[in-house]
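**Student:** Sequence first, predicted coordinates after that:
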Amino acid sequence: MWPVYADTMIGLKRLENIQYCIETVLSESIEGDLIETGVWRGGGCIFMKAVLVAHEDQGRNIFVADSFEGLPKPDENKYPADKGNDFHTLAPYLAVSQETVKNNFKKYDLLDSRIIFLKGWFKDTLPTAPINKLCILRLDGDMYSSTIEVLESLYSKLSIGGFCIIDDYVLNECKAAVDDFRAQNNITSELIEIDWTGRYWRKEN
Ligand SMILES: C[S@@+](CC[C@H](N)C(=O)[O-])C[C@H]1O[C@@H](n2cnc3c(N)ncnc32)[C@H](O)[C@@H]1O
């Protein structure tokens, strides 16, 4: 089910959605940097960079956030929705080192000083990350914790008109985190389907 060699597992429709969201923010001059939280081999972020370069954007950073060690063990007391989640056991496949991801950027000649790595667990790295404003917030951390922690740390930094993209809405844990966060924050922007698991919305207020 997961790719053996590809640099991303997200598939064409979700790649096209990244391109659509970036081209929209560029054409409407929506301010901010881009981030993907949960990058695996880096292909989603590499594609973001390729789209920026194709449009000759020189000013935006791309934050590449990951443990580079796979997913965390569930904290079932804090996040009951993650009870029984065993994705951390998939580390042999899901843990890709920061060095490997950097080399993947280099393969496409797309590594420069505007690619900023945030290595560590989201709960530790994101609250203090040097991020002022985002135009694209792309979440791909699979679990309740790895979704809600990102939304709680970063959604307030997403510009009005920016895009929040959810890769894992098909997973109950992720869906619960997104639904809870949207309800708690009165987010009523339409949650739009990308494919069987991808969803996104545009921040309206
Ligand atoms: C499904 S993969 C991401 C796939 C990737 N976006 C792509 O384009 O193929 C999930 C990634 O999230 C990371 N991850 C999940 N939860 C995390 C957390 N709480 N802190 C840091 N990294 C996390 C894992 O290490 C893994 O690399």
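**Tutor:** Great, that's in hand. Residues are numbered from 1 along each chain as shown.

**Student:** CA only for contacts and neighbour counts going forward, please
**Tutor:** OK.

**Student:** How many residues are close by E23?
**Tutor:** Neighbours of E23 under the rule other C-alpha atoms under 10 Å: 15.

**Student:** And for the one 4 residues further on?
**Tutor:** By other C-alpha under 10 Å, 9 other residues sit near S27.

**Student:** One more: G161?
**Tutor:** 19.

**Student:** That one belongs to a strand?
**Tutor:** Yes: residue state for G161 (DSSP: H, G, I helix; E, B strand; the rest coil) corresponds to a strand.

**Student:** Can you tell me the closest non-neighbouring residue to it?
**Tutor:** K203 (5.3 Å; C-alpha to C-alpha, 6 or more residues apart in numbering).

**Student:** Pull up the gap between the one you found and K175, please.
**Tutor:** 18 Å (C-alpha to C-alpha, to the nearest Å).

**Student:** Repeat that for R14.
**Tutor:** From R14 to K175 the distance is 17 Å (C-alpha to C-alpha).

**Student:** And for P130?
**Tutor:** In this view, P130 and K175 are 28 Å apart by C-alpha to C-alpha.

**Student:** Can you pick out the residue with more neighbours from those two?
**Tutor:** K175 (19 against 11).

**Student:** Could you find the closest non-adjacent residue to the more buried one?
**Tutor:** Y169 is the one closest to K175 (C-alpha to C-alpha, 6+ apart), at 4.8 Å.

**Student:** Verify the assumption that that neighbour is located in a strand.
**Tutor:** No: checked against three-state DSSP, Y169 lies outside a strand; its state is coil.

**Student:** Please determine whether the worst-scoring helix or strand of the chain on mean pLDDT lies in contact with the ligand.
**Tutor:** Least confident helix or strand of the chain, by mean pLDDT, DSSP states H and E, is helix 91-94 with a mean of 88. Yes: counting by C-alpha under 6 Å from any ligand atom, the ligand is contacted by helix 91-94 at L94.

**Student:** List of residues touching that helix?
**Tutor:** 40, 69-71 (C-alpha atoms under 8 Å, 6 or more residues apart in numbering).

**Student:** tell me which parts of this structure are close to the ligand?
**Tutor:** 8-10, 38-40, 42-44, 66-72, 94-95, 120-122, 140-141, 146.

**Student:** filter the residues you listed to the buried ones?
**Tutor:** Buried subset of these (neighbour count, 16 or more other C-alpha atoms under 10 Å): 8-10, 38-40, 42-44, 66-72, 94-95, 121-122, 140-141, 146.
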